[in-house]
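[1] sequence and predicted structure are below.
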There are 2 protein chains.
Amino acid sequence: MNKPAGAMSYDELRGAIAQRHRALSGRLQQIAEFVLDHPTDVALGTVAEVAQRSGVPPSAIVRFAHALGFGGFTEMQQVFRSRLVAGVAPSYKARLARMKSEEKSVLGRQPAAVLSRFVSEAQSALVTLSQSVHARELDAATAILAKARDIYLLGLGGSFPVAIHLAYVLRKLGRRVVLLDGTGGSIHEQSHAATTEDALVAISFRNYYPDTARLFPELVARGVPTISITDSLLSPIVEGASVVFEIQDMPEPALRTLVAPMCLVQAMAIGLDLAAD
Amino acid sequence: MNKPAGAMSYDELRGAIAQRHRALSGRLQQIAEFVLDHPTDVALGTVAEVAQRSGVPPSAIVRFAHALGFGGFTEMQQVFRSRLVAGVAPSYKARLARMKSEEKSVLGRQPAAVLSRFVSEAQSALVTLSQSVHARELDAATAILAKARDIYLLGLGGSFPVAIHLAYVLRKLGRRVVLLDGTGGSIHEQSHAATTEDALVAISFRNYYPDTARLFPELVARGVPTISITDSLLSPIVEGASVVFEIQDMPEPALRTLVAPMCLVQAMAIGLDLAAD
DNA sequence: TAACAAATGGAATGAATATTCTAATCTCAC
DNA sequence: GTGAGATTAGAATATTCATTCCATTTGTTA
């Protein structure tokens, strides 16, 4: 009788409702108006709740869903829920597209396709970054760095490029930097001189490098102010940190582009320099 | 035993989970990690679904909610749903906040404004990258790397993070890599063993690091196939290179985010791996 | 090694939910 | 005013769901 209505986007559903509105019966029109005005209620509520808020009996809600071609309320609700999901996770679409191109393995293997995949992934990582980092955290981080005598950098394994880059930029800006790279011995010795007058920037993503997990608590215990950049609040460099930047949705180690953390440390360093004048 | 947990924001809940994570039992820790990584699944799923996706029995999910001070899963789920609701209508409030921070960016000194500047700059760098890199060059580059016995990496100064990252990824993929970093002596010695059977990836941007400019021609003269990543066709690592990737519009050294070259080398490495099968 | 405590998994339970069914009501044409 | 068809509301039902309970396993201390 109707469209398939199975895989329907929220916008398509809105259009369909608006189109059929006139042809619907009285009660059903009333429901149509309510669901268009309160899509969130429909997405999260039960039939009884939606019924009560829109002032109709529960069965009318189900009839409404049927009239739109759905098998029932639950089916229609999925469409309203997809709207919520889309709003909260803009990286969802890109990630989905990436999965698809990965499935088309033959095409996905051409180096050019691989590059565009990483580019689009990096794009969404940047969007997520700018949304998830709050001004308060950045201010706190630059304040810590501004007061620091020496800035210690801890980022091993896959995070090492980020630490190197931050070291480079900070030194260019005239800051005293100690890069904990473990060259020529233990990083424990390298970090031995760190005091409460200094600061530590720690960078670590899954799987967390063991040395990082070991050294970080030591420096925290010694009272060194710390800024952590990581991918989960459960990582070993969160507890005791003065400021934590959480960068979500980091891909597995071999697939990371480090785009988001690179941008973040860059902004930290330059922000520090500009604020210092 | 715990906080009220009744009216709790999503961010507060995240913090609470992170805080208690260590004190939780094994299964509960596993669940903690899952819910922090998949908040949307928790918001919209049933106990059975969440249990299946996180690989635990349903009862463990309920115990997890109890451990956090909630009366049950449903109660905890409300907090996760509030996140979806908050994210769905950001247009007004977020846009307003963004405008304000952009206005302040006239001052340009707020760290948050600095971050958004770097993010947008990185975005355009990525667009430029995907437009300027052609499939032919990428294919040629992966072909060179595929044939190479050892892969030598040369990227000093500001380009060092890119070289480090490429070394990391290639090694993860099982390639033999020699990173020319000059540790413990001259990079000339480190590169002494390179032959025509090997390959060199050179990365250099203005101002071109002197050692790079000196070493590159040597290896070219010895017949080592070379892939160059640089910002100008006039750079010292272009002449004699087998493949050249030109990344335009690189900002001055202290301001670069290295986003474009990081993506490029990543795509090269993964493309190499996929093509090798 | 033994005994205890904590934690776990899975089945049982009772509540909540969507859906269906049927009698009653309304609408409209004649 | 009357009858036919469509529409509605509310109770009945079958399903899904969260929660609880208990036997078993796991880890720890003596």
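    Now that the structure is in, tell me what you want to look at.

[2] how about the helix ranked longest in chain A, does it reach chain B?
    For chain A, the longest helix by residue count, based on DSSP state H, is helix A:111-132. Yes. Judged by Cβ under 8 Å from any Cβ of the partner chain, helix A:111-132 comes into contact with chain B at A:111-112, A:114-119, A:122-123, A:126, A:129-130. Where C-beta positions appear, they are placed from N, C-alpha and C, glycine not excepted.

[3] now that helix, how far from the centre of its chain.
    Its chain's C-alpha centre and that of helix A:111-132 lie 12 Å apart, by Cα atoms, centre = their mean, to the nearest Å.

[4] could you dump that helix to CSV, C-alpha only?
    What follows is helix A:111-132, C-alpha atoms only, in CSV (Å, rounded to 0.1, in the frame of the first residue of the first chain):
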residue,chain,number,x,y,z
PRO,A,111,46.7,3.3,-3.2
ALA,A,112,44.7,6.3,-4.3
ALA,A,113,41.6,4.9,-2.7
VAL,A,114,43.6,4.3,0.5
LEU,A,115,44.7,7.9,0.5
SER,A,116,41.2,9.3,0.1
ARG,A,117,40.1,7.0,2.9
PHE,A,118,42.7,8.4,5.3
VAL,A,119,41.9,11.9,4.2
SER,A,120,38.2,11.6,4.9
GLU,A,121,38.9,9.9,8.2
ALA,A,122,41.3,12.7,9.2
GLN,A,123,38.6,15.2,8.3
SER,A,124,36.1,13.7,10.6
ALA,A,125,38.8,13.4,13.3
LEU,A,126,39.3,17.1,13.1
VAL,A,127,35.7,17.8,13.4
THR,A,128,35.4,15.6,16.4
LEU,A,129,38.5,17.3,17.9
SER,A,130,37.1,20.8,17.6
GLN,A,131,33.9,19.7,19.2
SER,A,132,35.3,17.7,22.1
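
[5] can you report phi and psi for the residue minimising distance to the centre of chain A?
    Nearest residue to the geometric centre of chain A (Cα atoms, centre = their mean): residue A:248, 3.9 Å. Residue A:248 adopts backbone torsions of phi -90, psi 170, taken as degrees, to the nearest 10.

[6] could you pull out the helices for the stretch 51-200 of chain A?
    Per DSSP state H, counting those that start in this stretch, the stretch 51-200 of chain A carries helices over the ranges A:58-67, A:73-88, A:91-103, A:105-108, A:111-132, A:135-147, A:160-172, A:187-190.

[7] redo the ones you listed as TSV? Include distance to residue A:50 and mean neighbour count.
    Listed next are these as TSV, based on distance: least, Cβ to Cβ, whole Å; neighbours: other Cβ atoms under 10 Å in any protein chain shown:
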stretch	distance to residue A:50	mean neighbour count
helix A:58-67	6	19
helix A:73-88	8	19
helix A:91-103	25	14
helix A:105-108	43	11
helix A:111-132	31	21
helix A:135-147	38	19
helix A:160-172	48	23
helix A:187-190	58	16
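
[8] list the buried residues in stretch A:220-239.
    Along stretch A:220-239, these residues count as buried under the neighbour rule (16 or more other Cβ atoms under 10 Å in any protein chain shown): A:220, A:224-239.

[9] neighbours of the nearest residue to residue A:170 once chain neighbours are set aside, how many?
    Of all residues not flanking residue A:170 in the chain, residue A:177 sits nearest, at 4.9 Å (Cβ to Cβ, 6 or more residues apart in numbering or on different chains). By the criterion of other Cβ atoms under 10 Å in any protein chain shown, residue A:177 has 18 neighbours.

[10] pLDDT value on residue A:177, please?
    What the model reports for residue A:177 is a pLDDT of 96.

[11] that one against residue A:164, yeah?
    No. With contact defined as Cβ atoms under 8 Å, residue A:177 does not reach residue A:164; the gap is 10.5 Å.

[12] for chain A, what lies in contact range of DNA strand C?
    A:46-48, A:58-59, A:61-63, A:65-66, A:71-75 (Cβ under 7 Å from any atom of the strand).

[13] need the max-distance pair from those residues.
    A:48 and A:71 (18.9 Å; Cβ to Cβ).

[14] which strands and helices sit next to the longest helix of chain A?
    Here helix A:111-132 touches helix A:91-103, helix A:105-108, helix A:259-276, helix B:111-132, helix B:135-147, helix B:259-276, going by 3 or more Cβ pairs under 8 Å, 6 or more residues apart in numbering or on different chains; DSSP states H and E.

[15] ok, which of the ones you listed comes nearest residue B:31?
    Of the helices and strands packed on helix A:111-132, nearest to residue B:31 by Cβ to Cβ is helix A:91-103, at 22.7 Å.

[16] what is the rounded mean pLDDT of that closest one?
    47.

[17] do stretch A:161-169 as well
    96.

[18] I figured residue A:259 hits residue B:121, correct?
    No. The criterion here is Cβ under 8 Å, and residue A:259 misses it with residue B:121 at 11.9 Å.

[19] re earlier: where among the helices of the stretch 51-200 of chain A is average confidence lowest?
    Among the helices of the stretch 51-200 of chain A, helix A:91-103 scores lowest, at a mean of 47.

[20] what's the neighbour count on residue A:204?
    Around residue A:204 there are 28 residues (other Cβ under 10 Å).

[21] could you give the bridge partners of it?
    Taking DSSP bridges as the rule, residue A:204 bridges to residue A:230.

[22] next, the contact list for it, please.
    For residue A:204, the contact set (Cβ atoms under 8 Å, 6 or more residues apart in numbering or on different chains) comprises A:154-156, A:159, A:212-213, A:216, A:228-230, A:235-237.

[23] let's go with 6 Å and repeat that
    A:159, A:212, A:230, A:235, A:237 (Cβ atoms under 6 Å, 6 or more residues apart in numbering or on different chains).

[24] which of those residues fall in strands?
    residue A:230 (DSSP state E).

[25] farthest pair within the contacts of residue A:204?
    Across the contacts of residue A:204 (Cβ to Cβ), the longest gap, 11.1 Å, separates A:159 and A:235.

[26] quick one: residue A:48 from residue B:74, how far?
    15 Å (Cβ to Cβ, to the nearest Å).

[27] likewise residue A:41?
    17 Å.

[28] which of the residues of chain A next to DNA strand C are close to chain B?
    Filtering those for proximity to chain B by Cβ under 6 Å from any Cβ of the partner chain leaves nothing.

[29] out of the helices of the stretch 51-200 of chain A, flag the one nearest residue A:12.
    Nearest to residue A:12, of the helices of the stretch 51-200 of chain A and by Cβ to Cβ, is helix A:73-88 at 8.3 Å.

[30] didn't residue A:263 look like it was pressed against residue B:257?
    Yes. Residue A:263 is in contact with residue B:257 according to Cβ atoms under 6 Å; the separation is 5.2 Å.
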